[in-house]
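Enquirer: give the three-dimensional model of this entry:
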Amino acid sequence: LQQMIRDYHNDFGPDSMEPEFPEIRVVCDDQGQPLIEREWLAQLKPGYNYTCRTDLIITYRGNLMTMEHKSATRSSARMMLNSLATASQFTGEYWILSQVFPEEVLSGVLVNIVFKGPRPKTARAQFQQAAVRESTTRSPGMMEAWKRECVHILDQIDHSTNEFDNLIQEGQDPEESMMTCFPVHGIRTGRCNAYGRNCDYYNLCMLAGMEARQLNQFRPKVWD
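Expert: Numbers count the residues shown, from 1 in each chain. Next comes the predicted model:
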C-alpha cells in the first residue's frame, strides 16, 4: 500500500510531470467544506430509498464531475475499463446526483483505477503509470432504465417475501416454502462466482438436499 501511494504521488503529485491539480479540483459546499466521501439519498419508490457515498465531487478541466477510485492489477484493468459504460454503480451515482442537484449539469464520472503490484518492465505507456483513468456518462434513458430495474427487483423481493409468509401461515414446511419462493438464480446469472471468489453460501447450493451437513458452519449474526 505504501508503494502504491508513493508511485501515485510521484506520477500525479504537485512536483510530477502530470500533476492532478489544478486540472482536477475538489468542489466545496456552501460552508466551504470539500465534497469528499459524502452520502446522498433519494427515493426510488414509496418506502424505498437509494443511498450512495461518492468519493469526490470535482471539476475536471472546468467540467463538473464525480470521481471514483478503484484498485486493480494491470492485467485486470482493461476488463474494468471496458465495463465502465454499463456499470450499475456509476449509473446509480449519476441518477442520485441528478435527483439531489437537478439544477446542475453533471459531465460524467471520472473513474481513477490505481494499480496494485510493481510496475512492469514492458507495458503500454498508459499502464506504466501508477493509475489509469477514464470518464463515463449516462443518458436520461439509461438512468430511467436503471431505476425501473431497481424498482422491479424490489417488487420481486416484496412479492417473494409475502408469498413465503403466506405459505408459512398456511402450515407449509419452511424449507419447501423457501425453495418455492426464493429460487437459486445465481447459478444461472453467474453470481455464484462473482468478484473472483465463491459466494459465502456456495457449499449449501453444491449440497442441495444435504444442507444439514453444512449448516453447523453458519451462525446467526443476532441471537433473537
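Enquirer: list of residues touching the longest strand seen in the chain?
Expert: Longest strand in the chain, counting residues (DSSP state E): strand 48-60. With contact meaning Cβ atoms under 8 Å, 6 or more residues apart in numbering, strand 48-60 is reached by 23-27, 35-44, 64-69, 92-93, 95-97, 107, 110, 135, 150-151, 154. Bear in mind the C-beta positions are built from the backbone N, C-alpha and C, glycine included.
Enquirer: low-confidence ranges, this structure, go.
Expert: For the chain, the stretches with pLDDT under 70 are 122-126, 223-224.
Enquirer: can you map out the helices along it?
Expert: 2-12, 74-82, 88-100, 125-128, 140-169, 174-181, 186-189, 202-206 (DSSP state H).
Enquirer: give me the angle between the fifth one and helix 88-100.
Expert: Compare the direction of helix 140-169 with that of helix 88-100 by axes from the mean of the first three to the mean of the last three Cα atoms, to 10 degrees and you get 100 degrees.
Enquirer: for helix 140-169, packing partners?
Expert: If you count contacts as 3 or more Cβ pairs under 8 Å, 6 or more residues apart in numbering; DSSP states H and E, helix 140-169 packs onto strand 36-45, strand 48-60, helix 88-100, helix 174-181.
Enquirer: can you tell me the centre-most residue of this protein?
Expert: Nearest to the geometric centre of the chain sits residue 89, at 4.1 Å (Cα atoms, centre = their mean).
Enquirer: and the gap between the closest residue to it other than its chain neighbours and residue 111?
Expert: Spatial nearest neighbour of residue 89, excluding adjacent residues (Cβ to Cβ, 6 or more residues apart in numbering): residue 68 at 7.7 Å. For residue 68, the distance to residue 111 equals 5 Å [Cβ to Cβ, to the nearest Å].
Enquirer: those two: which is more packed in?
Expert: Per other Cβ atoms under 10 Å, whichever of residue 68 and residue 111 has more neighbours is residue 111, with 23 against 20.
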